[in-house]
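Q: following is a predicted model, sequence given first.
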Amino acid sequence: MARRQRVEAEPAYVLHARPWRETSLLLEVLTLEHGRLALVAKGARRPGSQLRSVLLTFQPLVLGWSGAGEVRTLTRADWAGGVPLPQGRALWCGYYLNELVLRLLAREDPHREVFLAYDAAVRALAAGEPLAPVLRRFELAFLAALGYGLDWPHTVAGRYRFEPHRGLVPLMEGESAPGEVVLSAQTLEDLRAGCWSRPATLAEVRALTRRLIDHALDGQELQARRMLRELLE
Amino acid sequence: MPTPLDELIEALRCLPGVGARSAQRMAHHLLQRDRRGAQRLARAIEAALTTLTHCARCNAFSETTVCARCSDPARDATLVCVVESPADMEAIEQTHSYRGLYYVLMGRLSPLDGIGPKELELERLLERLAAPEVREVVLATNFTNEGEATAHWIAERVRARGLAVTRLARGVPLGGELEYVDPATVAHALIDRRRLDAT
C-alpha cells in the first residue's frame, strides 16, 4: 500500500485517459519525479469542465494530487503550453510512445530520465522532426532506464550480433547471422555520437530496439504499431 | 439460480456509468413505483432492437435500409461529413448550415484501447466514399487527440483516391473573449491563424 501523498505541482504528461464513473476520468500520467501514476480527475467529463481542454495527451502539464493507494485524486491541472499537438503520422508515433511506457514502465517506479526522454520526444514530434530518429532516441533511453542498456565494447571494429541475454557478440570476418540483429562498427560509432544521418544506422538500430522491445513485451503485440502498419499499407 | 430481481439488477449494469448500487435503485424503482414505465421501457427496447439497423449509407440508426436523410434528394450528395456519433451529427444539423450527407463512425480510433481501423470498420466508410458523386469529405471528428488521429487516418486513405479532404476549423468560440478562453484553445487558434485578404 502506497503511503499518503500530497504533491502540489509536478511536471507531467497524460498518457491515457478513460471514462470513470459518471463524470470523471481515470488518467495514467507520467511525472518527472514520481514515475507513472493513476489519477482520478473528478468531474472532468462534465460539460464545460475547465479540465477538458487541459487534460490532453502530448501536452506538457503541471499536475497536483493527493491521496493514498493505487489511484490518487487530481487536485490541480495546469497547461504548461508551448507544444502544439503532434499532427498526422507524428501523432500516431506519439501513441506508440504512450503504449510503450504504459506496457513496460511499472506504476510508481520513478525514472527521471524516462520523463526527460519522453518530454524531448513529444516536443520533437510536435515540431515535425523526422520521426525515425525521434523514436529510436526515445526507445534507447527508455530501454536503458529499464535495465536493457547495451554494454559497449571499448573499441569497435567489424560487426556485432545482438542477443537479448548476451548483448553484443563480435562476428567473425565473413560470418553470417541470418535472421539476427547485426550492428556494424559504423552504427555503433553513430550511436555514440548521436548521429542519425545514415539510413543503415537507422535500420540497424530499429532492428535492435525492436528485438529488445519484443523481448521486454514477452509476446504481447503493440496496438499502435499494428495500426500504424495498417495505415501505411 | 439468480432470482428475477438479481437478473434485472445485473442487466441494468450494462448501462454506462451504472454500478451495483444505481442498478439496484433503478430496479426497485421500476418494480415498486413505476411498473407502467417499466413495461414501456421493456417494449421500447424490444422494438428498437428488432426494427433499428444501421443505415447502409451513413451508418446511423435507421428503420429502413437507407435512412430518410440519406434518401432526401434535396441534400447535396457530393459532400460527406464524417462524425464520431449520432449526437455529433445532430450538432451539425442544428447549425442549419450544412446540406450535405453524413457518415457516422460510431466511435473513434483509440490505439491504447485496442480500437483500430478494423474494429471501427473504416473499410465500410471507404466503400461509401467510393460512390461516384462524392467530391469532398468533411472530417468533423472531435478535437481530441483520438479524433485527430482518426481524421488523419481517414484523410490519408481518402486523399489517395483523389477526393478533396477538409477538416472542421479549430479556434476561438463565437462571442468568445480571449481573456476567458482556455490557453490551449488560444494556442491552437494561433497555430491555425489565417491571412486576412482584402475582399
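A: Yep, it's here.
Q: for chain A, what spans make up the helices?
A: For chain A, the helices defined by DSSP state H occupy A:89-104, A:112-126, A:131-145, A:185-193, A:199-217, A:223-232.
Q: okay, the third one in PDB with CA atoms only?
A: This points to helix A:131-145. Output in PDB follows, covering the C-alpha atoms of helix A:131-145 (Å, rounded to 0.1, in the frame of the first residue of the first chain):
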ATOM      1  CA  LEU A 131      10.100  10.600 -37.000                       C
ATOM      2  CA  ALA A 132      12.500   7.600 -37.000                       C
ATOM      3  CA  PRO A 133      15.400   9.300 -35.100                       C
ATOM      4  CA  VAL A 134      13.000  10.600 -32.500                       C
ATOM      5  CA  LEU A 135      11.500   7.200 -31.900                       C
ATOM      6  CA  ARG A 136      15.000   5.500 -31.800                       C
ATOM      7  CA  ARG A 137      16.400   8.000 -29.300                       C
ATOM      8  CA  PHE A 138      13.400   7.600 -27.000                       C
ATOM      9  CA  GLU A 139      13.500   3.800 -27.300                       C
ATOM     10  CA  LEU A 140      17.200   3.600 -26.400                       C
ATOM     11  CA  ALA A 141      16.900   6.000 -23.500                       C
ATOM     12  CA  PHE A 142      13.700   4.200 -22.200                       C
ATOM     13  CA  LEU A 143      15.200   0.700 -22.600                       C
ATOM     14  CA  ALA A 144      18.400   1.800 -20.800                       C
ATOM     15  CA  ALA A 145      16.400   3.200 -17.900                       C
END
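Q: burial count for residue 50?
A: This is for chain A. Residue A:50 has 12 neighbours, counted by other Cβ atoms under 10 Å in any protein chain shown. Using the backbone N, CA and C atoms, a C-beta is placed for each residue, glycine as well.
Q: you answered for a different chain; I wanted chain B.
A: Using other Cβ under 10 Å, residue B:50 has 8 neighbouring residues.
Q: output the longest helix belonging to chain B.
A: helix B:35-51.
Q: so which bits of that one are buried?
A: Buried positions in helix B:35-51, judged by neighbour count with 16 or more other Cβ atoms under 10 Å in any protein chain shown: residue B:38.
Q: then stretch B:168-180?
A: Buried, per 16+ other Cβ under 10 Å, within stretch B:168-180: residue B:171.
Q: what's in contact with it?
A: Stretch B:168-180 has contacts (Cβ atoms under 8 Å, 6 or more residues apart in numbering or on different chains) with B:138, B:139, B:140, B:143, B:181, B:185, B:186, B:188, B:189, B:192.
Q: dump those to JSON lines, plus pLDDT, secondary structure and neighbour count.
A: Formatted as JSON lines, those follow (pLDDT from 0 to 100; DSSP: H, G, I helix; E, B strand; the rest coil; neighbours: other Cβ atoms under 10 Å in any protein chain shown):
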{"residue": "B:138", "pLDDT": "97", "secondary structure": "strand", "neighbour count": "20"}
{"residue": "B:139", "pLDDT": "97", "secondary structure": "strand", "neighbour count": "20"}
{"residue": "B:140", "pLDDT": "97", "secondary structure": "coil", "neighbour count": "22"}
{"residue": "B:143", "pLDDT": "90", "secondary structure": "coil", "neighbour count": "16"}
{"residue": "B:181", "pLDDT": "87", "secondary structure": "coil", "neighbour count": "15"}
{"residue": "B:185", "pLDDT": "86", "secondary structure": "helix", "neighbour count": "18"}
{"residue": "B:186", "pLDDT": "89", "secondary structure": "helix", "neighbour count": "17"}
{"residue": "B:188", "pLDDT": "86", "secondary structure": "helix", "neighbour count": "17"}
{"residue": "B:189", "pLDDT": "89", "secondary structure": "helix", "neighbour count": "17"}
{"residue": "B:192", "pLDDT": "87", "secondary structure": "coil", "neighbour count": "12"}
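Q: so can I have TSV of these showing distance to chain A?
A: Converted to TSV, the contacts of stretch B:168-180 look like this (distance: Cβ to the nearest Cβ, whole Å):
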residue	distance to chain A
B:138	18
B:139	12
B:140	17
B:143	9
B:181	9
B:185	6
B:186	10
B:188	7
B:189	11
B:192	10
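Q: which one of the helices of chain A is the most hemmed in?
A: Compared across these, helix A:89-104 shows the largest average neighbour count, a mean of 21 (mean count of other Cβ atoms under 10 Å in any protein chain shown).
Q: quick one: list the elements packing against that one.
A: On a contact count with 3 or more Cβ pairs under 8 Å, 6 or more residues apart in numbering or on different chains; DSSP states H and E, helix A:89-104 meets strand A:5-20, helix A:112-126, helix A:131-145, helix A:199-217, helix A:223-232, helix B:145-159.
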